[in-house]
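Engineer: Sharing a sequence plus its predicted fold:
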Amino acid sequence: MRWIQGNRMTGIILVIAAFLLLLPFVYESRNLLILLTQVFVFSIFAMSYDLLLGFTGIVSFGHAMFFGIGAYTMGIFMKRFEPTLGYFFLAVLTTIVLTAIVSFIVGLLTLRLKSHFYAMLTLSLSGLFLVLAEKWRTMTYGNDGFTFRVPELLIDRTNFYLLCLIVMVVVFLILKRFTNSPLGRVLQAVRENEQRTESLGFHVLHYKIAASVVSGVLAGIAGILYAISLRFVNTSVFAMDITLDALLMTIIGGVGTLVGAMIGAGLIEFAHHWLTELAKEHWIFERWIIFFGIIYILVVMFFPRGIVGTLSSLTWKRKKQPAVKKEEKIAG
């Protein structure tokens, strides 16, 4: 049943993706295009975080370090060299290598720890990257950051929109396959009961590091796209707020669902944009973060397992009730 539901959800996602693919050609709106591009970028980031939190049970407060590595790698390559597609792909490859190495080392050093000890150590390591970006001014220009040019193909917002959409769909399909693979099943077993999984003969640390590496690489890719969308990068990409955004997107959408991460990213980005626009109309909305907090509280109250998680559980209960009644009639 879950396999059928999973395929149905994948089909729905692909249909929506096809609609979004055609959107720029039937509805011209620069603001909507930019907003949807941000949604795609943070959907990738939120899905990478969901792999840790939702499928492995790892709470990380330092996920922004991989996001920042991707953003700075792309920015430095485009600033120091010619903004050509060749250097763009070289920056992507460098990001993949760097994030894989860093996430492997971080996982090796921290994943032996449990619960909040791991979370706080990842936060500390992320802080080290933030300090490095602040102090290495010859390369990063410190807190001021720097602007850079992008390849000519990506200057056009429609082309960049399509690139982000395609990357988001590809990442979703890869993670869907990854989480349904034998390795993904072991990760979910680790999430449910790490001691029991270890007693079955699985070397839990190896699996957790594998999830950390995949998650880190995808977060780095999201950082690349984020930097290109702004054509600017500064130390804010290493800020705790970036990790908290991914955490909120995952929780609001539904932990361990992937689809929920995309829905959460969309809700948060649209809510942020909507509340910011309202601030221009009335002074009370200048404190938009308060209203954002209220929206978050309401979502958690009415959707305790996230939007997708709660709706899935309700659907499962409705389908289960007729089967239970049928069994009772047979027994009677």
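Structural biologist: In hand now; what should we look at?

Engineer: ranges for the strands of this protein?
Structural biologist: Taking DSSP state E as the criterion, the chain contains strands spanning 146-147, 232-233.

Engineer: Name every strand pairing with the last one and say which way it goes.
Structural biologist: Applying DSSP bridges, strand 232-233 is found paired with strand 146-147 (antiparallel).

Engineer: Where does pLDDT dip in the stretch 201-332 of the chain?
Structural biologist: 279-280, 282-289, 291, 315-332 (pLDDT under 70).

Engineer: Repeat the analysis, applying 50 as the threshold.
Structural biologist: Screening the stretch 201-332 of the chain residue by residue with the criterion pLDDT under 50, one finds the ranges 324.

Engineer: Can you show me the helices along it?
Structural biologist: Ranges of helices in the stretch 201-332 of the chain, per DSSP state H, counting those that start in this stretch, are 204-230, 240-253, 259-279, 288-302, 307-331.

Engineer: just the stretch 1-150 of the chain next, same as before
Structural biologist: 2-26, 30-56, 64-80, 85-110, 115-135, 137-140.

Engineer: mind listing what's buried in stretch 101-110?
Structural biologist: Within stretch 101-110, the residues scored as buried using 16 or more other C-beta atoms under 10 Å are 102-103, 106-107, 110. No exception for glycine: its C-beta is placed from N, CA and C like everyone else's.

Engineer: can you pull the pLDDT of residue 5?
Structural biologist: On the pLDDT scale, residue 5 is placed at 49.

Engineer: can you start the count at 207 instead of 1 from here on
Structural biologist: Yep, numbering from 207; the last one is residue 211 now.

Engineer: nearest residue to residue 285 other than its sequence neighbours?
Structural biologist: Spatial nearest neighbour of residue 285, excluding adjacent residues (C-beta to C-beta, 6 or more residues apart in numbering): residue 354 at 4.3 Å.

Engineer: Ok, residue 347 next?
Structural biologist: Excluding its sequence neighbours, the residue lying closest to residue 347 (C-beta to C-beta, 6+ apart) is residue 440, at 7.7 Å.

Engineer: about what we covered before: closest to residue 239 out of the strands of the chain?
Structural biologist: Go through these one by one with C-beta to C-beta and the one that ends up closest to residue 239 is strand 438-439, at 18.3 Å.

Engineer: circling back to that earlier point, for residue 227, which of the strands of the chain is the nearest?
Structural biologist: Per C-beta to C-beta, nearest to residue 227 of those: strand 438-439, 27.3 Å.

Engineer: Can you list the neighbours in contact with that closest one?
Structural biologist: Applying C-beta atoms under 8 Å, 6 or more residues apart in numbering, the set of residues contacting strand 438-439 from outside is 277-278, 280-281, 351-354, 433.

Engineer: Equivalent analysis for stretch 394-401, please.
Structural biologist: In this structure, residues lying in contact with stretch 394-401 by C-beta under 8 Å, 6+ apart are 260-263, 385, 402-403, 406, 408, 410, 413-414, 462.

Engineer: Any chance of a PyMOL selection covering the buried ones in those?
Structural biologist: Once 16+ other C-beta under 10 Å is used to decide burial, the buried members of these can be selected in PyMOL as follows:
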select buried, resi 260+261+262+263+385+403+408+410+413+414+462
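
Engineer: now the contacts of stretch 394-401 in JSON lines, with distance to residue 215?
Structural biologist: Below are the contacts of stretch 394-401 laid out as JSON lines (distance: C-beta to C-beta, whole Å):
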{"residue": "260", "distance to residue 215": "15"}
{"residue": "261", "distance to residue 215": "16"}
{"residue": "262", "distance to residue 215": "21"}
{"residue": "263", "distance to residue 215": "22"}
{"residue": "385", "distance to residue 215": "13"}
{"residue": "402", "distance to residue 215": "29"}
{"residue": "403", "distance to residue 215": "26"}
{"residue": "406", "distance to residue 215": "29"}
{"residue": "408", "distance to residue 215": "28"}
{"residue": "410", "distance to residue 215": "29"}
{"residue": "413", "distance to residue 215": "25"}
{"residue": "414", "distance to residue 215": "26"}
{"residue": "462", "distance to residue 215": "13"}
